[in-house]
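Visitor: Here is a sequence with its predicted model. Questions after.
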Amino acid sequence: MTRDEFNTHCAAKPAATHVVQWGNSDVWKVGGKVFAICGWAEDTPGFTFKVTDMAFEILSDMPGLRPAPYLASRGLKWIQQHGAPGLNDAELAQHIDASYDMIAAKLPRKTRAELGL
């Protein structure tokens, strides 16, 4: 997945908002909460997303994936795809969708209603 494809995918999520921060990273949020980040890992885009506890255990050991710097060091279950082989585009899109769903589900009921979620 390219950075443009990542941004197009995230932009299609209901009530998703985009900001550029943290050294030119594309940061996608729902209800003000981050669900996906694309920054640079060396010369390739690095994709970061929230995962379940089980997915964190499985993905952490896969080549091209690692616990997300900063986030995972704080005990949060976030994974970063930083190199090859990593996930294919469909798998990466599924994990981004699941991250969005987890973040949106934890928003307060009032916020979800205001966002039409």
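Guide: Nice, thanks for sending it over.

Visitor: Could you pull out the buried residues of whichever strand or helix holds residue 7?
Guide: Following DSSP states H and E, the helix or strand that holds residue 7 is helix 3-11. Residues of helix 3-11 classed as buried: 6, 9-10 (neighbour count, 16 or more other CB atoms under 10 Å). Every C-beta, even on glycine, is put in place using the N, C-alpha and C of the backbone.

Visitor: Kindly report the same for stretch 105-117.
Guide: 107, 111-112, 115, 117.

Visitor: likewise stretch 88-107?
Guide: Buried, per 16+ other CB under 10 Å, within stretch 88-107: 92-93, 95-100, 102-104, 107.

Visitor: Please apply the same query to stretch 57-71.
Guide: 59, 65-68, 71.

Visitor: partner residues bridging the residue nearest to residue 60 when sequence neighbours are not counted?
Guide: Among residues not flanking residue 60 along the chain, residue 67 sits closest, at 5.4 Å (CB to CB, 6 or more residues apart in numbering). With DSSP bridges applied, residue 67 shows beta-bridge pairing to residue 79.

Visitor: now, which of the buried residues of helix 3-11 sits nearest residue 16?
Guide: residue 10 (5.7 Å; CB to CB).

Visitor: hang on, the closest one packs against residue 93?
Guide: No: Residue 10 is beyond contact range of residue 93, at 9.7 Å (criterion: CB atoms under 8 Å).

Visitor: the helices in the protein, which residues?
Guide: For the chain, the helices defined by DSSP state H cover 3-11, 53-59, 89-106, 109-115.

Visitor: export these to a markdown table and tack on distance to residue 26 and mean pLDDT?
Guide: What follows is these, written out as a markdown table (distance: least, CB to CB, whole Å; pLDDT from 0 to 100):
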| stretch | distance to residue 26 | mean pLDDT |
| --- | --- | --- |
| helix 3-11 | 6 | 96 |
| helix 53-59 | 21 | 94 |
| helix 89-106 | 12 | 96 |
| helix 109-115 | 20 | 94 |
